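Asker: Have a look at this prediction, sequence included:
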Amino acid sequence: GESVGLHLPTLSVQEGDNSIINCAYSNSASDYFIWYKQESGKGPQFIIDIRSNMDKRQGQRVTVLLNKTVKHLSLQIAATQPGDSAVYFCAEINNAGNMLTFGGGTRLMVKP
Amino acid sequence: GAGVSQSPRYKVAKRGQDVALRCDPISGHVSLFWYQQALGQGPEFLTYFQNEAQLDKSGLPSDRFFAERPEGSVSTLKIQRTQQEDSAVYLCASSLSNSGYGYTFGSGTRLTVV
C-alpha cells in the first residue's frame, strides 16, 4: 500500500555541522507533510510542515524541502546541537486530514 | 492541562490479562487519535474520535482492541486478553480542529506483555 519511508536509519554528525535527513513517500496524492522529532520517552513533537504547493519552507534552524517529481522530502537542520539528538519522522496526512502515516524514523546522533 | 496526558506511563501485563490505557486530551480539543508504536518503528494509526463519535477504527489490529470517548473528552483504549505482540508504546494525540492538523501528542504508555 501507500507508505512513507526513510533512507537512513542512523545519522551521526558533529556538533555545529548541518544535518540532512531524507524521506521518500509513495502516495503522489499526498498534499501535506510534517516532520516530527521524538526524544526518548516522549511523544512526537511537531517541527515543521509543508504543503505540496510549496517546494521549500524555513523555520528556526530547520528547512524542509519537497521534491514532488521524485516524491522526496528532506529536513535540514543548521548548526546541529546536542539537543537535536532524537529520532526524526516524516509523516503525511491523508486526504480526509484525520490520519497520519509515519515512516520508520532516522536516529540523529550529535557528537560533541 | 497544558498538554496531552496519558496514564499509566508504564504497564506490565501478563499474557491474557486485560488492560486499560487512559488519555486526557488538551481541554477543548475536538479530535482525539490513538497510535501504536512498536520499538524502532514509526507510530501507526489505530483509531480517531471527533468529540464522542468514533469516526475511524480501521487501524485497530483485532477485536481485542476497543476504544471509547463517552463524553467527548477523556478516552480509554482497552486491550483484552493481551498478547506479546501487543507490546508497544500507545500514543494519544488531540487536535483543536476537526482534522489531524495541529496534532499534539502525549508521551505515551509503554505496554509490556510478559
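Answerer: Now that the structure is in, tell me what you want to look at. Keep in mind it's a predicted model, so treat the numbers as computed, not measured. Numbering: from 1, shown residues only, chains lettered A, B, ... in the order given.
Asker: which residues pair with the nearest residue to B:R9 once chain neighbours are set aside across the strands?
Answerer: Excluding its sequence neighbours, the residue lying closest to B:R9 (Cβ to Cβ, 6 or more residues apart in numbering or on different chains) is B:T109, at 6.3 Å. Yep, even glycine has a C-beta here, placed from its N, CA and C like the rest. Assessed by DSSP bridges, B:T109 has beta-bridge partners B:Y90.
Asker: Contacts only, for the nearest residue to A:I93 once chain neighbours are set aside.
Answerer: Excluding the flanking residues, the one nearest A:I93 by Cβ to Cβ, 6+ apart is A:Y32, at 4.6 Å. With contacts defined as Cβ atoms under 8 Å, 6 or more residues apart in numbering or on different chains, A:Y32 is in contact with A:49-52, A:92-93, A:97, B:101.
Asker: Just among those residues, which is most surrounded?
Answerer: A:E92 (24 neighbours; other Cβ atoms under 10 Å in any protein chain shown).
Asker: how close does the spatially closest residue to that one that is not a sequence neighbour get to B:V74?
Answerer: With Cβ to Cβ, 6+ apart as the criterion, A:E92 has its nearest non-adjacent residue at 4.2 Å, and that residue is A:S30. The gap separating A:S30 from B:V74 is 32 Å, by Cβ to Cβ, to the nearest Å.
Asker: Could you check which of those two is surrounded by more residues?
Answerer: A:S30 (21 against 14).
Asker: need the residues of chain A near chain B, please.
Answerer: For chain A, the residues in contact with chain B (Cβ under 8 Å from any Cβ of the partner chain) are A:4, A:32, A:41-46, A:89, A:91, A:93, A:96-105.
Asker: Whichever of these end up buried, select them in PyMOL.
Answerer: Entered in PyMOL, the line below selects the buried ones among those, by 16 or more other Cβ atoms under 10 Å in any protein chain shown:
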select buried, chain A and resi 4+32+43+44+89+91+93+97+98+99+100+101+102+103+104+105
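Asker: for the residue nearest in space to the middle of chain B, what are its contacts?
Answerer: Nearest to the geometric centre of chain B sits B:W34, at 3.5 Å (Cα atoms, centre = their mean). Applying Cβ under 8 Å, 6+ apart, we find B:W34 in contact with B:23, B:46-48, B:67, B:75, B:77, B:90-92.
Asker: A:L108 too?
Answerer: A:11-13, A:19, A:21, A:77, A:80, A:84-88.
Asker: Looking at those, spot the one nearest B:Q54.
Answerer: A:V87 (29.4 Å; Cβ to Cβ).
Asker: The strand or helix carrying that closest one: partners in the sheet, and parallel or antiparallel?
Answerer: For A:V87, the host element (DSSP states H and E) is strand A:86-93. Within its sheet, and counting by DSSP bridges, strand A:86-93 is paired with strand A:32-38 (antiparallel), strand A:100-102 (antiparallel), strand A:106-111 (antiparallel).
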